Every structure is written in structure tokens, then in C-alpha cells.
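>>> okay, predicted coordinates and the sequence, questions at the end:
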Amino acid sequence: MMKSLADMIAVAPDAFDRDAAARFAEEAGTEFSALPEAARDLLCGVAGCSPYLRRLALKRKDDLPALFETPPEETLARVVKQAQNASEAEIHDDQIKALRLAKQEAALLIALSDIGGAWGVLQTTRALSEFADAAIEGALAAALGRSPLESTEGLVILAMGKHGAFELNYSSDVDLVVLFDPERMGFDERHIAQKHAVAVTRDVINLMQTQTADGYVFRTDLRLRPDPGVTALAVTVSAAEAYYEAYGQNWERMAFIKARPCAGDIALGEQFLKTLRPFIWRKYLDFAAIEDVHAVKRQMHSAKGGGEIAFEGHDIKVGRGGIREVEFYAQTQQLILGGKNEKLRQRETLPALAALADAGAIEPEDRDVLSEAYLYLRHVEHRLQMVNDEQTHRVPMIAEDIDRVAIFTGAKNTDGFRAKLLSTLEAVGARYDGLFETEDVPESRLGPLVFTGVEPHPATLKTLEKLGFKRAPEVSAAIMRWHKGGLRATRTERSRALLTKLIPPLLEALSKAGDAADEAFFAFEDFVARLPAGVQVFSLLLNNLEIFDALIRIMTISPYLGREFSKHLNLVERLLDNRWSEPPPEIETYEPACCEVVARAPDYEGALNAVRRWASEQQFQITAQLAVGMLGAYEAGRHFTAIADASIRALIDAALEEMRMQHGDIDGEFVVVGLGRLGAGEMTATSDIDLMFIYDAPSDAQSDGARSLGAVEYFTRLVRRCVTALSAATEEGALYEVDMQLRPSGKAGPAAVSLAAFRRYYVEEAWTWEAMALVKARVIGPECALAKTVEDEIAAILARPRDRAEIGADAAAMRVRLDEAKRPQGAWDVKNIVGGLTDIAFICQVLTLAGAKERGRPPRAVAEALAWFANGGELAQEDAEKLMAAHDVFEAVLQGSRAALGGVFLPDKAGEALSARMASVCGEASIVNAERKLLHLAAQTSDLFTMIVGERRARSA
């Protein structure tokens, strides 16, 4: 018969904070006083050492009697079941709550069982891991309940790292990889299966890590999935297998030593890991592969473990002599020897050390020392984390905090704790330092890489050629220039020292570009050449080599983003969180997110900078996904526009508030109207914003501030402030270029237009092309009565009776003037080419002005307007289909070229990767066929323009 938790208590820590312990005993009341003495001593000791556990025990004080009366294994089994069944709650919020309440109970049970000595370190880590499994199962079941997916068939979640080895620490996050098999899920099309798999994965993450009043379950990290910088949250099994076969690295082999399926389609997970065995456990390793494993050890040593062993502030996980060194000591040898010896294929660290000793790979003494050290370090790690439920691994810096941890670990005093920890770290460090040092280390697997001297090093050129560089002498010469301080970014000794370390991993990452290796290199060189300084960027890249692939892939296809990276380091940092490749935010979330960053800004200037930084990061995600083909043109246009809308509204509100502070409020309202691509919701990565500002106020209105202004001057100054807020270059750069030429009277007209003047101008003076410009007009903000009035006025202007022939003639003449003012740069200049996007937009505008009186206003977006005209009979179905087909391709080219270049794509100046991408957006395999297609579509569109609008001819004055 199993013993109760109370009967299993073997030890209780002294209370570091005796007052806190006494308060706990008083606040816990009768539930506490009725407990056995051993349980009371344990709780008082815990309450005096851990503010987090004290709060948790008080929150669950009603559960304390049952907790101590029951065997901890039974309680754990019940809590595990509770987490697994969280999906039985019908409401989403109740599911979230059920998981968190189960986590609270598990956290208290596991902590008390561990601290009280009822469980050892390994039993504690297993309990934490088993509960994590259960929580993930419960979250997955809840997510599936909101998904079209009928079951877990074809979707599996792999537990990685400590979780996979049943070695989770107390406040650990969980490393997961989510895989799916579309066929097994019952889908014929992969993208549909991926959409549902990603949605379910995101739901699981939210269920697990969203912070609520009841806390969180586990922080969740999916960065161990294949190529996380460019892949979705859930990856197909076939794509994962192909990735590891072609690109898998030794650190990924190491990660999969501990992997196991923990939720979903377990059989699928087991089959995947079986397929991956030859990748993880190689029977034959050449010198280069062995050296790579050795390099993993040396890189980890230099990056994380270098320097003296410390005490205050020492990281017992990744610092010298820490937990990671014990794990790497075992795993690096498992990688080399496990291919031939299956007994070495152990997930858990201590069994791995034992198997290595049994195989004669390490000395029994080393096994014993490292095993004892591992258990002690994990014990200390748990106490550090239990103090405040923080994922920390550092010994505190403050003496009082060190004393708390020392007592919590059960040490007699701080000196004893210091001595034992330091001796443990030194014992691990000595054995880790000696690993592989007696073996002959072959030359770097990349080969010689020497970039000093005057002439290129012959052996280095051979290495570069072997890596796939066709222009090896030019590559070598460029790197030699870097080392000589030939760029602003490489002028300091520190930056050159960092660059020296960066070159091998950089070249290796570039070589993955295959035939585009040279192109990738020179894109990176352009990036480096534009940097104002190098230390910060090189340090960032050197410490986060995993972002190289994504950075290089993006820069190779998008020189425009390469330029943006060099101007805004925060965009490079965005690659670190691996979220840039995830599905973009929902459109409606942009505005509250932007408002939030403004609310956090300390002042007006801070708000301008905050919005610019926020907008650039949002635009980067959309631009990068568009550039690499993860996002479609129309969807990208909607997102670019939503980001602009949110930024405009936020900064107009900020400008208005500044105006009120200086000049007071006024009896009147004003709105900003977006025109062109902003109005139509079709913005690109580099679009400017066409704006018109309209106000309505009594003619004698005066602001009520200390420096009072009349209505005209008040709104004129307000508009100037708004334009500055949107367009001025701050320390974060510019936001948008603002174009106000479409306002009444253009450049000659007032910046702020009164409602009366707006109405009068469009009735009495406006040219046909000015009315055409209103077809895409949309009030962006602020919300007020004037917004609806202006929208109604625009609709009325569009619906005025007009002569159909006159409209067509005016539009055709305007098209001629535009063509003369801005000649197209070739077939790929799809906006300006005859028969291009401008012609299609003019067709829609002419049809709108001709038919709005009868049918009302069509949608602003061109693609939607074409369908609307076809449905209403203004366009023949056949003609509409031709125009829609052309618009689809032209819009994809425009969006793609703006994302890649910031301008027009010119094939003779583009690299292979970008050319292949642009051919692809046209639905063609080659750039030649793509250009033929563009010309054919433009010719069709030009004929339809002539038929619907009229002959292109200038009108006589």
C-alpha cells in the first residue's frame, strides 16, 4: 500500500523568512493547524523560502488536508487526468481555467514532494514531464474541438529536449515540434491541411502559455522544428524528412536524441522518429562529421561556458561546469558512438552516462562524478526556480537572496552551499574540458579559409569553389576588404575580430543557396556595406547563427529588405523570435496593437518613434512573406493597408491631442480621407499615402486654449502637424511619404479643406479625373459625425449625372498625359505599361462615374469592382474575366517587385533567385515565358480599354 505524502516527508527546509512563515500559518487557519506536524514544518519552511509557493499554498489551502493524506502518486494521476480532460469544458475560457487549475495543483504537489524528500530529483522531473504531456493532450483536444479536424489522426506533437527525456525543470518551458500528414488527415491538398494544423497549433500554444488570473500552464517553444525561420508552426512529415536528409545539422541530431511523441497521433510520431534514425544515429562518420560534433562542443564552450567559474551570478545551466556541460558530455559522444552501439541511444542523461561507461567510452569514476553533479545541480536549479516560479538558472547576486537559496537547498549555511556548488562546477568543468582533447582534430570541414595578405589564398579559393561559389576570387577579395577595414562596419578591431569568427558559419549558410550562392553572398555584402557600424550586428549574428538561413534567403530574393535590415537592426532581431514566417495577425488586431505602443510612449516624440518602429516590424513580416512566396498579393495589400490605417489613426489622435494642449479644443470636426491604393486597400511595401483633410466648423469658431486660433488656421496647423507626424524622419526613420496632390486645386489648394469648399469644388470646378480619383476614396478617421457626412458627399459626387462619352474622352486624354509624364520601364512595369494596372483602374473609374447614379457605388478595390461590374452587366462576362486574369497577374508582379526591390523589376539587372521568384508569381517556369504572358495580357487589356473608355488621344485645349 502506498504511503501518504505526510508519511513520506523526510526533510523540511528551515524558514529563511520566519515572519512570512508565521503569517502563512496564521492565514492558512484550521486547514493548516489540523495537519500532521511534519506537514506543518514542511509548509512553514517552504512558505519562508518561496513567496511563490506561499501564495500558491494559501490559494489552495482548502486542498491541503487531502493533499497530505493521499499518496502523491495518486494525486498526480488525478491531476494528470484532470488536465487531459480539460476539453470537456464547453466554453473556451473554462478550458483555459481547467488547465491552469490543474497546473496549480500539480505545481504545489510536485514542489512539496520534491522539497519534502518524498520524491528524488528524477522522480520530480518525470512528474513535471508527465503533467506537461497531459496538459498538451488536453490543450490539443480542446483545440481540435474548435477545428474542422475530426481527430488527432495525422497530427502529432513531439516533445523535445528535457521534456522529451522526462527531465523537465520546475519552471521550464516545453520545446515542441508539430508535424502533420495531410493524407492521413484526410486532405487531398496540403495547404488546406496546413491551414488547419497551424490553427490548431496556435490554439494549443495559446491554451498553454496565455497568462490569466490563474497563471499559465507552460511556456511553449517551437523553434526546434525544421528551418524555423521560414516554416509554419506545423510542418508536414514529408517536408521534415526531406529537410533533415538534405540540411540537417549535428545540433539537430543532438536535439532528436531526446525526442518522443507526447500527444496526438503517437503512431505517426513513432514512425517519423524511426525514419529519422539513420539521420540521428549514423553508423559511419567521416572526419568532417566527427569534427563537426567536436565543433559543437567547442562552440558551446566558447559561447556559453568560457571564463572562470563564478559563484554570484553564475548560470548553473549554461555556465562553466553547469548542467548543459553534463548533457553535452553525454550527447556529443552518443552522436559519434551511438550509430554502432544501440545501447547508447538513451534519452535520459544519467542512463546515457551509464551506457557510455558500460561501453568503455568513459571511466566509471567520471560517470559517478558527473551523475552526482547532475543530480545536485538539478536540485539547486529547482530551488532557484521555486522561489518565484521564474525560469532562472543564475545564483543570485545579492547576499540576502543567496542566503535564501542556500537554506532552501538544505545547506547548513551559505559557506557550505558555496563550497559544494563550486566544487561541483569545477568537477564537471574539468571533465568537460578534457572531452575530445586527446584526439587528433582534423582540419576544419570547410577547408582552409585565409583572408589575410595581398593576394587570394589558393587553398581558400578551392574551399570557396567546393562550397559552390562560382565567383570565388571576387568573394575572397570582398572578404579581404572586410578584414582590412574597408567598410564603415569593419573599421574597428572589435568588429573585425567578430567578423573573423562569423565568416565560416556565414559561408556555410551561403553555400546552402546552391547555384545562387554568389548572389546570396553579394546580397549580404551589400547589407554589410550599408551598415553604419558592425559590432552590434556581428555580435547578434554570431550569437544567433540559426537566423542566418532566413536572413540570407530573404536578402537574396529581396534587396529592398536587405537595405531595410541595414537601416533597422530591430528587423534583424525580428528573425530571432521566429514569428516572421507565421501567419500574419488578424487584420482587426493591428489598430489595438498600434494604440498600445502609443499608450506606452512617454511623450509625443516617443509616440512618433514607437509607431514607426511598430509599423516597420509589421511591414517587415508582410514584405518578407510576400517576397518569399508565403503570402498572396491581395492578402498582402490588405495587411499593408491595415498597418497604414492603424498608424494614421494613432498618429492623428496623437497630433490632435498635441494641438489641444497648445491651442485648446474647437467647435468643429475633421477627418482624413485616403485615396489611391490606401483608399482601395491595395497598398504595397513601398506605397506612399494619398491623403485629403476635410474639416467642418462654424466660420466664427475659435479654439478655447491660451493661444486661441480661428477655424481655418487651427485646422491648417493641425493638418501640418498630422503630415509631419506621418512623414518626418525621426531616429526610427520615416513612416510614409504623404501625397496631398489629389485635394481640391491640388498643390495650389489649402492643406485643410472645409466641407463647404469640398462640396462646392466638386460640384462647380472639378475635372473628370478628379472625380475619378474619388472612386477609391475612403474616410480613415477619426470617428465622428463628419466621417459619415463626407462618405455620403463622395457617394453623391460619384452619382452625379455625366455624359458617358465625355467621361471616356476625358479619361483617355488623362491616360495619354500620364503616359507622357512617366514612360513605362518595360513589360514588368505593370503599373504604367499600356494595358497595365492603370488602364484597368481607369476602366473601373469610368464605369463607376457612368453608372453610379443607377447602381450606386461599387467596391473600391479593383478586383472586387470588376466582379461587381460583371454581375451588374456593365462588363461582359468574357471581358471581365480577361481583366480579372490580367489584374491578378499584374497585381502579383507589382506587389512582388515592390517587396523585392522597392521598385520595378528589371530582369537584366536581377539575380537568378529573384528572377525565378518573379517568373513564379506569373505562373511561369521561366522569365522569358513570364514576360510573354505579361505582354499578351497587356495587349488584351489595352484593346478592352479602347473599347470601353475610348481611343488614347489628347484633348484639344
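Thanks, I have it.
>>> ok, and for stretch 861-875, which residues are buried?
By neighbour count on 16 or more other Cβ atoms under 10 Å, the buried set for stretch 861-875 is 861-863, 865-870, 874-875. Backbone N, C-alpha and C define where each C-beta goes, glycine included.
>>> farthest pair within these?
Greatest spacing in the buried residues of stretch 861-875, by Cβ to Cβ: Ala861 and Glu874 (16.4 Å).
>>> same list (the buried residues of stretch 861-875) but as CSV, adding pLDDT, distance to Ile797 and secondary structure.
CSV is the format used below for the buried residues of stretch 861-875 (pLDDT from 0 to 100; distance: Cβ to Cβ, whole Å; DSSP: H, G, I helix; E, B strand; the rest coil):
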residue, pLDDT, distance to Ile797, secondary structure
Ala861, 95, 20, coil
Val862, 95, 20, helix
Ala863, 95, 24, helix
Ala865, 95, 17, helix
Leu866, 96, 22, helix
Ala867, 95, 24, helix
Trp868, 95, 19, helix
Phe869, 95, 19, helix
Ala870, 94, 25, helix
Glu874, 92, 19, coil
Leu875, 94, 23, coil
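>>> Throw those into TSV and include distance to Pro907, thanks.
Output for the buried residues of stretch 861-875, formatted as TSV (distance: Cβ to Cβ, whole Å):
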residue	distance to Pro907
Ala861	29
Val862	26
Ala863	26
Ala865	31
Leu866	28
Ala867	32
Trp868	35
Phe869	34
Ala870	33
Glu874	37
Leu875	33
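>>> so how far is Gly562 from Ala520?
10 Å (Cβ to Cβ, to the nearest Å).
>>> settle it for me: which of these two has more neighbours?
Ala520 (26 against 21; other Cβ atoms under 10 Å).
>>> go ahead and confirm the more buried one touches Met555.
Yes - under the criterion of Cβ atoms under 8 Å, Ala520 makes contact with Met555 at 7.3 Å.
>>> point out where the stretch 551-700 of the chain drops to low pLDDT.
569, 573-574, 576-578 (pLDDT under 70).
>>> show me where it has strands.
Using DSSP state E, counting those that start in this stretch, the strands of the stretch 551-700 of the chain run over residues 669-675, 689-696.
>>> for the chain, same thing?
Using DSSP state E, the strands found in the chain span residues 155-159, 174-180, 220-221, 234-236, 260-264, 669-675, 689-696, 738-739, 752-754, 778-781.
>>> point out where the stretch 301-450 of the chain drops to low pLDDT.
Counting by pLDDT under 70, the stretch 301-450 of the chain has low-confidence residues at 301-308, 436-445.
>>> let me see the ranges of the helices in it.
In the stretch 301-450 of the chain, the helices defined using DSSP state H, counting those that start in this stretch lie at 323-337, 349-358, 364-388, 399-408, 414-434.
>>> just those: most buried one?
Comparing the helices of the stretch 301-450 of the chain by mean neighbour count (mean count of other Cβ atoms under 10 Å), helix 323-337 ranks first with a mean of 23.
>>> for it, the distance to its chain's centre please.
Between the centre of helix 323-337 and the centre of its chain there are 31 Å (Cα atoms, centre = their mean, to the nearest Å).
>>> so in this protein, which helix runs the longest?
helix 633-663 (DSSP state H).
>>> which helices and strands does that one pack with?
Counting contacts by 3 or more Cβ pairs under 8 Å, 6 or more residues apart in numbering; DSSP states H and E, helix 633-663 is packed against helix 590-600, helix 604-628, strand 669-675, helix 676-680, helix 711-727, strand 778-781, helix 877-901.
>>> so can I have JSON lines of these showing distance to Pro364?
Converted to JSON lines, the helices and strands packed on helix 633-663 look like this (distance: least, Cβ to Cβ, whole Å):
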{"stretch": "helix 590-600", "distance to Pro364": "58"}
{"stretch": "helix 604-628", "distance to Pro364": "52"}
{"stretch": "strand 669-675", "distance to Pro364": "75"}
{"stretch": "helix 676-680", "distance to Pro364": "72"}
{"stretch": "helix 711-727", "distance to Pro364": "71"}
{"stretch": "strand 778-781", "distance to Pro364": "74"}
{"stretch": "helix 877-901", "distance to Pro364": "60"}
